[in-house]
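Undergrad: Return a 3D structure for these sequence lines:
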Amino acid sequence: MSMRIPFLKGHGTENDFVIVPDPENTLDLPPATVAALCDRRAGIGGDGLLHVVRSAAHPEAKSMSAEAEWFMDYRNGDGSIAEMCGNGVRVFARYLQRAGHVTEGDLAIATRGGVKTVHIAKDGDITVGMGKALLPEGDVTVSVGERSWPARNVNMGNPHAVAFVDDLTHAGDLYAPPPFSPPAAYPDGVNVEFVVDRGPGHVAMRVHERGSGETRSCGTGACAVAVAAARRDGADPAVTGTPATYTVDVPGGTLVITERPDGQIEMTGPALIVAEGEIDAGWLETATAP
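TA: Next up is the predicted model:
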């Protein structure tokens, strides 16, 4: 490993990421390394890490290389691997644009949740085709303290439990994962969204992201919330033939989610790169020593 490793820092509606460009997949990024980089006091700080790799150079993405040149090897802030991150895809695309790998317009990005279509608009916003939502059958309940709520099970390439509440403060501090039942519903853990109404087609949410705690935003979570809200409101675009659009306020900003009659979901929002520099490998070695 070289003595200094390039990195950037970016965020999408304040869901923030350490970005590590590594086109040929030469860096070893075990969980302890990722956790050290994402540490907000002793490291760079981030909800997660975006490892930027050419699809052809990564064993998990080779099969997608004909469709997407770049693979978003996403890690949660604790170093665990995640299938997808909607805000992360937008920031990933913004990095590719900044680095000169892509320009305004359409591109494809490979993720563990499949190939995602992305559009970089001239006005700066980025739209991501998030695929279709799966709605597994079965009742789910989430709890905080003595309160419990029924939750909608929504899968956006990663699992979500969406609970509609009277007040977002009822979600508590969201440091620890909210308990859920039955345990079999989410054998690998779950992202939990707590949602209140703000008006017609307008909701607000807080989220506990699996492996990261409460974050300022969650793109896949906003999509799950929009789908759950639409079904609660009696709207299913596949039945009505009319797209359903929801504005979703998150602590870090606002996302606009549209579910189309073919089931495809689009998420639009901002993405910013705020800094770049170099990681000192000596520090990193010390920070990750047993």
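Undergrad: does Glu276 count as helix, strand or coil?
TA: strand (DSSP: H, G, I helix; E, B strand; the rest coil).
Undergrad: Any idea what it is bridged to?
TA: Here Glu276 sits in beta bridges with Leu8, going by DSSP bridges.
Undergrad: Surely it touches Phe7?
TA: Yes - here Glu276 reaches Phe7: they are 6.8 Å apart, a contact under CB atoms under 8 Å. No exception for glycine: its C-beta is placed from N, CA and C like everyone else's.
Undergrad: Now do the contacts for Gly88.
TA: Gly12, Asn15, Phe17, Gly48, Leu50, Met72, Tyr74, Gly219 (CB atoms under 8 Å, 6 or more residues apart in numbering).
Undergrad: now the residues you listed as a markdown table including secondary structure, neighbour count and pLDDT?
TA: Listed next are the contacts of Gly88 as a markdown table, based on DSSP: H, G, I helix; E, B strand; the rest coil; neighbours: other CB atoms under 10 Å; pLDDT from 0 to 100:
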| residue | secondary structure | neighbour count | pLDDT |
| --- | --- | --- | --- |
| Gly12 | strand | 32 | 96 |
| Asn15 | strand | 32 | 93 |
| Phe17 | strand | 29 | 97 |
| Gly48 | strand | 26 | 95 |
| Leu50 | strand | 24 | 98 |
| Met72 | strand | 26 | 98 |
| Tyr74 | strand | 22 | 96 |
| Gly219 | helix | 27 | 93 |
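Undergrad: can you name the two of those that are farthest apart?
TA: Asn15 and Met72 (13.8 Å; CB to CB).
Undergrad: and for those two, which residues touch both?
TA: Joint contacts of Asn15 and Met72 (CB under 8 Å, 6+ apart) are Cys85, Gly88.
Undergrad: ok, now which ones touch the most centrally placed residue in the chain?
TA: Of all residues in the chain, the one closest to the mean position by CA atoms, centre = their mean is Cys85, 2.3 Å from it. With contact taken as CB under 8 Å, 6+ apart, Cys85 is in contact with Asn15, Gly48, Met72, Tyr74, Cys218, Gly219, Thr220.
Undergrad: now Ala163
TA: Contacts of Ala163 (CB under 8 Å, 6+ apart): Val142, Trp149, Pro150, Ala151, Arg152, Val192, Glu193, Phe194, Val195.
Undergrad: do the same with Thr245
TA: Counting by CB under 8 Å, 6+ apart, Thr245 touches Gly201, Ala226, Val256, Ile257, Thr258, Glu259.
Undergrad: gap between Asn37 and Asn76?
TA: To be clear, residue 37 is Leu; Asn isn't right here. Per CB to CB, to the nearest Å, Leu37 is found 12 Å from Asn76.
Undergrad: can you check Asn191 too?
TA: 10 Å.
Undergrad: Mind listing the shared neighbours of the two?
TA: Joint contacts of Asn191 and Asn76 (CB under 8 Å, 6+ apart) are Glu209, Arg210.
Undergrad: that older thread, among the contacts of Thr245, which one sits closest to Gly100?
TA: Each of these was checked against Gly100 using CB to CB; the closest is Val256, at 28.1 Å.
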